[in-house]
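1. Curious how this folds, go ahead:
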Amino acid sequence: MYLGKGTMMDKKNVFEQTYRLLKDLSVVDTKAEFCKTWLGRNEGYFRGLRYKNKQPSTQTFAVLSNKLRHYSNLLQQTNNTHSKKIAAQFASLSNQCDKYINRKAKDTWLRLMDTSND
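-> As a prediction, this is how the structure comes out:
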């Protein structure tokens with residue numbers, strides 16, 4: 001079950017893409033570290049979601065989006081071309097998170113409108 005458009009894989013894909021980028025940049029070493037330092041979740045967050053057949057929370061998307069946007073803005077202010085490229089990647093990932101958050105919010109208020117019209 002999911003809210004909004006897109007598959008569960010699409011939603012988790014932004015986390016995987018972010019993890020891979022951060023690992024390639026040597027910012028994190030493990031998924032456990034990624035969960036703790038970039039998502040504000042415990043190290044077994046994704047295992048727990050799989051076990052319970054749940055989606056990542058909107059709050060988790062928001063925390064990741066905000067942190068990516070923060071570092072994107074900092075990197076964008078440098079004169080280094082490589083840093084600006086990373087800033088663009090962070091901004092793109094943040095935008096993906098924001099799109100998911102907005103879809104979930106819209107689905108919520110549309111569902112509420114539908115039930116109030118019954």
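2. Show me where this structure has its strands.
-> With strands called from DSSP state E, the chain shows none.
3. Tell me where the model's unsure across it.
-> Applying pLDDT under 70 to the chain picks out residues 1-12, 117-118.
4. and if we set it to 80?
-> The model of the chain has pLDDT under 80 over residues 1-12, 115-118.
5. roughly how far is the longest helix along it from the heart of the chain?
-> Counting residues, the longest helix found in the chain (DSSP state H) is helix 81-116. Centroid separation for helix 81-116 versus its chain: 8 Å, with C-alpha atoms, centre = their mean, to the nearest Å.
6. What count of nearby residues applies to residue 115?
-> Around residue 115 there are 8 other residues, counting by other C-beta atoms under 10 Å. All C-beta atoms are positioned from the backbone trio N, CA, C, and that covers glycine.
7. any idea how far it lies from residue 31?
-> 38 Å (C-beta to C-beta, to the nearest Å).
8. go on, residue 58?
-> Distance from residue 58 to residue 31, by C-beta to C-beta: 20 Å.
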